[in-house]
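In: how would this look folded up:
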Amino acid sequence: MSQDSLEVVRASWPREVDVVALLTDGESLVEAFGALAPDVEVEFVANAPGLPDARYRGAEGLADGWRDWLEPYESYWLAADELIDAGRDVLVLARVKARTHRDGVVIEHAPAAVCTVQDGQIVRARFYLDRDQALEAVGMRQ
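Out: Below is the predicted model:
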């Protein structure tokens with residue numbers, strides 16, 4: 001991976017954003033994540049045995065995937081902490097503070113994403129609840 005790919009993701013990835021608020025306007029979600037290829041492959045990786053990963057395509061697919069992922073939440077503040085050159089991919093280490101619709105339970109966790117950049121655009125984005133799974137996916141298991 002080149003330094004250019006790291007810079008594409010750095011410029012494209014929101015620093016801190018409430019993804020639930022962005023879902024009210026799919027265009028805002030796409031703008032927040034910027035530099036997406038029109039047919040970007042999007043995957044939300046399940047971290048439970050027997051639960052299939054959710055796969056989507058394109059900007060509309062990105063919005064649909066986030067809507068599905070965030071159905072239980074009133075708010076979902078996502079902050080990118082660190083971007084790491086991971087060979088052909090860029091690893092995004094993040095942290096989340098979310099509040100559920102039901103009972104207002106606050107949940108904090110440290111997810112990750114893996115972005116593949118080609119020709120200056122993100123062509124694939126995989127979102128992981130489990131940071132270790134993301135590290136394993138790019139061959140950097142801790």
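In: buried ones in stretch 130-142?
Out: By neighbour count on 16 or more other CB atoms under 10 Å, the buried set for stretch 130-142 is D130, R131, Q133, A134, L135, A137, V138. All C-beta spots, glycine's among them, are computed from the backbone N, C-alpha and C.
In: my read is the fifth one is in a helix, agree?
Out: Yes - when classified by DSSP: H, G, I helix; E, B strand; the rest coil, L135 is found to be part of a helix.
In: pretty sure it contacts A113?
Out: No - L135 is not in contact with A113 according to CB atoms under 8 Å; the separation is 11.7 Å.
In: quick revisit: closest to E43 out of the buried residues of stretch 130-142?
Out: Nearest to E43 among those is A137, at 10.1 Å by CB to CB.
In: one step back: can you redo the buried residues of stretch 130-142 as TSV with distance to V42?
Out: Below are the buried residues of stretch 130-142 laid out as TSV (distance: CB to CB, whole Å):
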residue	distance to V42
D130	18
R131	19
Q133	16
A134	15
L135	20
A137	15
V138	17
